[in-house]
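**Q** Sequence plus the predicted model coming up.
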Amino acid sequence: MQLFYYPNIDASTVSLALDKEDARHMTRVLRKKTGDQVHITNGAGLLFTATIGLITNSKCELHLAFAKAEPLPSYQLHIAIAPTKMNDRMEWFLEKATEMGVTRITPLLCDHSERKKINHERFDKILVSAMKQSLQLYKPQLDELTAFTDFIAERTDAQKFIAHCEETQKQTLQEIATKSSNVLMLIGPEGDFSSTEISAAINSGFRPVSLGNNRLRTETAGVYTSAIFNGINSF
């Protein structure tokens, strides 16, 4: 199945005219012809079967038939993570976490952050590509870069955890995360969270967790969290 993403459609949409760039990709790169079918999602749980209609050099019209509405999972994973200094490592995390079904990603600006700006549009395109590749109907929510202190003050009904490298008493995520519950994980920059940030998070109800005996890179910790969350909820 080939999955395409068009966010501005809903269950009542019956036709869609692709712009010049998308039309060229559909007809010249993928070599689709009139009468061929593809699948389309709006990234918010809806799936459509689309039949290719009129094709010109600059336009491609699709006739849509609503296929199904997929509900959000009853339990969701939110990862708040400090962007890495090297963009390719952060982009790898975004791709793999999306493939594993992460629900929301918040880039964090921390005391030890080496990257203080992000290209939100590029990050979002990576999420879209990974969503389509893994045939999912939900695109993860991608927040703007958010200051750590502002973020931990937000209200949430999720179980709240922080992964840090200080030598303190910790349990593993597998031991304390509850099956079928929403989870929010804080993951710091290459230089780790500052002691002030760790204390502030704990005072805000975040519980310190271990992600194993090995010290992980930021992006690896994010993917590891996604994998453990899936494992907890697979049985």
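**A** On my side now, so go ahead.
**Q** how does the protein divide into domains?
**A** In the assignment given by automatic domain parsing, the structural domains of the chain cover 3-69, 77-232.
**Q** And those domains, which one averages the lowest pLDDT?
**A** If those are sorted by mean pLDDT, domain 3-69 sits at the bottom with a mean of 90.
**Q** distance between it and the chain's centre?
**A** Mean-position distance between domain 3-69 and its chain equals 23 Å (Cα atoms, centre = their mean, to the nearest Å).
**Q** got it, and stretch 64-79?
**A** Computed by Cα atoms, centre = their mean, the chain-centroid distance of stretch 64-79 equals 13 Å.
**Q** what does that stretch rub up against?
**A** In this structure, residues lying in contact with stretch 64-79 by Cβ atoms under 8 Å, 6 or more residues apart in numbering are 9, 11, 13-16, 39-40, 45-51, 97, 101-106, 137-138, 156, 158, 179-185, 187, 222, 225-226, 229, 233. Bear in mind the C-beta positions are built from the backbone N, C-alpha and C, glycine included.
**Q** Tell me which of those residues fall in strands.
**A** Using DSSP state E, the members of these that fall within strands are 15-16, 39-40, 46-51, 104-106, 183-185, 187.
**Q** how close does the most centrally placed residue in the chain sit to residue 126?
**A** Nearest to the geometric centre of the chain sits residue 140, at 3.7 Å (Cα atoms, centre = their mean). According to Cβ to Cβ, to the nearest Å, residue 140 and residue 126 sit 10 Å apart.
**Q** Need the overlap of contacts for the two.
**A** Contact criterion Cβ under 8 Å, 6+ apart; residues shared by residue 140 and residue 126: residue 98.
**Q** sorry, back to before: deepest of the domains of the chain, which one?
**A** Highest mean neighbour count among the domains of the chain (mean count of other Cβ atoms under 10 Å): domain 77-232, with a mean of 17.
**Q** Just checking the distance from that domain to the centre of its chain.
**A** 10 Å.
**Q** Any idea how far apart the tips of that domain sit?
**A** Across its full length, domain 77-232 reaches 12 Å between end residues, using Cα to Cα, to the nearest Å.
**Q** Can you tell me the element residue 174 falls in?
**A** helix 173-176 (DSSP states H and E).
**Q** That helix - contacts with which helices or strands?
**A** For helix 173-176, the contact count by 3 or more Cβ pairs under 8 Å, 6 or more residues apart in numbering; DSSP states H and E identifies strand 159-163, strand 207-210, helix 218-232 as packing neighbours.
**Q** Quick one: closest of the ones you listed to residue 175.
**A** The closest of the helices and strands packed on helix 173-176 to residue 175 is strand 207-210. By Cβ to Cβ, the value is 8.4 Å.
**Q** what comes into contact with the closest one?
**A** 159-164, 168-173, 176, 185, 198, 202.
**Q** In the sheet, which strands lie alongside it, parallel or antiparallel?
**A** Partner strands for strand 207-210, per DSSP bridges, with pairing direction: strand 159-163 (parallel), strand 171-172 (parallel).
**Q** Mind putting those strands into TSV with distance to residue 147?
**A** Shown next, in TSV, are the strands paired with strand 207-210 (distance: least, Cβ to Cβ, whole Å):
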stretch	distance to residue 147
strand 159-163	16
strand 171-172	28
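**Q** got the CA coordinates for stretch 16-24 in CSV?
**A** What follows is the C-alpha trace of stretch 16-24 in CSV, where atoms were taken according to Å, rounded to 0.1, in the frame of the first residue of the first chain:
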residue,chain,number,x,y,z
LEU,A,16,-8.8,16.5,-4.2
ALA,A,17,-6.7,18.5,-6.8
LEU,A,18,-3.0,18.0,-6.3
ASP,A,19,-0.7,21.0,-6.8
LYS,A,20,1.8,21.0,-9.6
GLU,A,21,4.7,19.5,-7.6
ASP,A,22,2.6,16.7,-6.1
ALA,A,23,0.9,16.0,-9.5
ARG,A,24,4.3,15.6,-11.1
